[in-house]
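**Student:** fold the following, please.
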Amino acid sequence: MTEQSIKYELNPAVSNEDLSELYALGWERDRVVVYDFQPTHERSLGFFCAYSGDKLVGYVNLAWDGGVHAFLLDPTVHPAFKRRGLGRELVRRAIELARAGGLEWVHVDYEPHLDSFYKSCGFKPTLAGLVNLKE
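**Tutor:** Residues are numbered from 1 along each chain as shown. Below is the predicted model:
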C-alpha cells in the first residue's frame, strides 16, 4: 500500500454498518454491534474517513463544545492498515480542521500504551479528571 492509495474524506456519507464493522475490527471486539453514528456526527465539528478503494479503513471524529475546545474521539484504523501512518494522518487532518475553525484547543484522552502515538501527533500529556458513571 502506498500513501497515495488512501483517500481521505471529510464528513462523507458513511453507513452505520461500515463504521460499526471498522470499530469491531479496529478495537478487537468479538462481534459487530451496529451503532447509530448520526447523533454523534451532528454534534461534531467534523469527522474523517479513510478509504482504500471503496473499503473504509480509518476514521476519526472531532467533537466540539461549540466554543474553542474540540475533542479527538475514536481514531480507528483497520488492522490490515495499522502502522502505516494512516492514524497519524487522520489525527493531523482533525487538528487542521480545528485550527481552520479558529479553535484554541484539541483534547484527547487515551490509555498509557498509546502515549507514544499521541506524542508523535503533537499532543502533550496533561492532568485530567474522569468520573466513571457506570461504577
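
**Student:** neighbouring strands - and their directions - for the helix or strand containing Gly46?
**Tutor:** Assigned by DSSP states H and E, Gly46 belongs to strand 44-52. Strand pairing for strand 44-52, using DSSP bridges, gives strand 6-10 (antiparallel), strand 55-64 (antiparallel).

**Student:** so for that strand, what's the average pLDDT?
**Tutor:** Strand 44-52 shows a mean pLDDT of 95.

**Student:** can you show me the CA trace of that strand as CSV?
**Tutor:** Output of strand 44-52 as CSV, limited to C-alpha atoms (Å, rounded to 0.1, in the frame of the first residue of the first chain):
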residue,chain,number,x,y,z
SER,A,44,-19.2,17.2,15.8
LEU,A,45,-17.1,19.8,14.2
GLY,A,46,-16.4,17.1,11.6
PHE,A,47,-15.2,13.6,11.0
PHE,A,48,-12.8,12.0,8.6
CYS,A,49,-12.9,8.6,6.9
ALA,A,50,-10.1,6.9,5.1
TYR,A,51,-10.7,4.6,2.2
SER,A,52,-8.6,2.1,0.3
